[in-house]
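Undergrad: Predicted model, plus sequence, below.
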Amino acid sequence: AQSVTQLGSHVSVSEGALVLLRCNYSSSVPPYLFWYVQYPNQGLQLLLKYTTGATLVKGINGFEAEFKKSETSFHLTKPSAHMSDAAEYFCAVSEPGGFKTIFGAGTRLFVKA
Amino acid sequence: DTAVSQTPKYLVTQMGNDKSIKCEQNLGHDTMYWYKQDSKKFLKIMFSYNNKELIINETVPNRFSPKSPDKAHLNLHINSLELGDSAVYFCASSQEGPWRTEAFFGQGTRLTVV
């Protein structure tokens, strides 16, 4: 069965600092992986996704993530945090051919001025 | 134009009532979903429909009944509402299954049962 673990329910960084949000997954087959962002009182929107091919994936707003099969990880990074990055971030996994996406518990990112 | 729209955005109702949430997508997608987000932000899939056919029903109580009149609509009807049903409900859609493309989410419906 698939599962997703996001380490740290809350992460706080200073504006301009590196953002690192951790995600580990479990899947019986090579997974498809996603990061979504949720701003207050809004739905989720896709930041980036990994399906096949290049393991370093670039997304919107300067975010990127690297798929590491040996570590079963898909951590999200951004070199320099901006105040507008403050939001809830969800890592998610889908199995090829399935109709279900499993979401992690979410990590709330705080950005300090 | 809103890609995935849900109505209403807020819903406050008493225990025991029956209520519906409507969802429409104008993206031409084949697959639609209902997710429940609890107070701790945990997102759990409830139902998945592909071409109007129910694909996934994640052990949701029978009081919840989805209906898909056509590929662009997936409504959620809830009977005999309970306090524990209070949550934010999200409708989403994707082209084919979620393994190929991302899901597009609606703004959510915040349901409060009192």
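TA: Done, it's in. Since this is a predicted model, take the numbers as computed values, not measurements. Residues are numbered from 1 along each chain as shown, chains lettered A, B, ... in the order given.
Undergrad: Which element, helix or strand, includes the one residue sitting closest to the centre of chain B?
TA: Centre of chain B computed as the mean C-alpha position; nearest residue by C-alpha atoms, centre = their mean is B:W34, 3.0 Å away. Using DSSP states H and E, B:W34 falls within strand B:31-37.
Undergrad: Helix or strand next in line after that strand, which one?
TA: strand B:43-50.
Undergrad: Report the angle between that following strand and strand B:31-37.
TA: Between the axes of strand B:43-50 and strand B:31-37, defined by axes from the mean of the first three to the mean of the last three C-alpha atoms, to 10 degrees, the angle is 160 degrees.
Undergrad: The next helix or strand after strand B:43-50: partners in the sheet, and parallel or antiparallel?
TA: Using DSSP H and E, the helix or strand that follows strand B:43-50 towards the C-terminus is strand B:53-57. Here strand B:53-57 has these sheet partners by DSSP bridges: strand B:43-50 (antiparallel).
Undergrad: What lies in contact with the partner strand?
TA: Strand B:43-50 has contacts (C-beta atoms under 8 Å, 6 or more residues apart in numbering or on different chains) with A:44, A:90, A:99-103, A:106, B:30-38, B:54-58, B:60, B:64, B:66, B:68, B:74, B:76, B:90, B:97. In this view, the C-beta of every residue, glycine as well, is placed from N, C-alpha and C.
Undergrad: could you give the mean pLDDT of that strand?
TA: Average pLDDT, strand B:43-50: 90.
Undergrad: for stretch A:77-90, same thing?
TA: On average, stretch A:77-90 scores 97.
Undergrad: residues touching residue 23, list them.
TA: Defaulting to chain A. Shown in contact with A:C23 (C-beta under 8 Å, 6+ apart): A:4-7, A:33, A:35, A:65, A:73-76, A:91, A:104.
Undergrad: You answered for a different chain; I wanted chain B.
TA: Counting by C-beta under 8 Å, 6+ apart, B:C23 touches B:V4, B:S5, B:Q6, B:M32, B:W34, B:H73, B:L74, B:N75, B:L76, B:C91, B:G106.
Undergrad: Give me the ChimeraX select line for the contacts of strand B:43-50, limited to the buried ones.
TA: Command for ChimeraX, covering only those of those found buried under the criterion 16 or more other C-beta atoms under 10 Å in any protein chain shown:
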select /A:44,90,99,100,101,102,103,106 /B:31,32,33,34,35,36,37,55,56,60,64,66,68,74,76,90,97
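Undergrad: Report pLDDT for the nearest residue to B:Q107 once chain neighbours are set aside.
TA: In space, not counting the residues next to it along the chain, B:Q107 is nearest to A:G43; the distance is 5.1 Å by C-beta to C-beta, 6 or more residues apart in numbering or on different chains. A:G43 carries a pLDDT value of 90.
Undergrad: so what secondary structure elements neighbour the host helix or strand of B:N75?
TA: Assigned by DSSP H and E, B:N75 belongs to strand B:73-78. Packing partners of strand B:73-78 (3 or more C-beta pairs under 8 Å, 6 or more residues apart in numbering or on different chains; DSSP states H and E): strand B:19-25, strand B:31-37, strand B:43-50, strand B:64-70, strand B:87-94.
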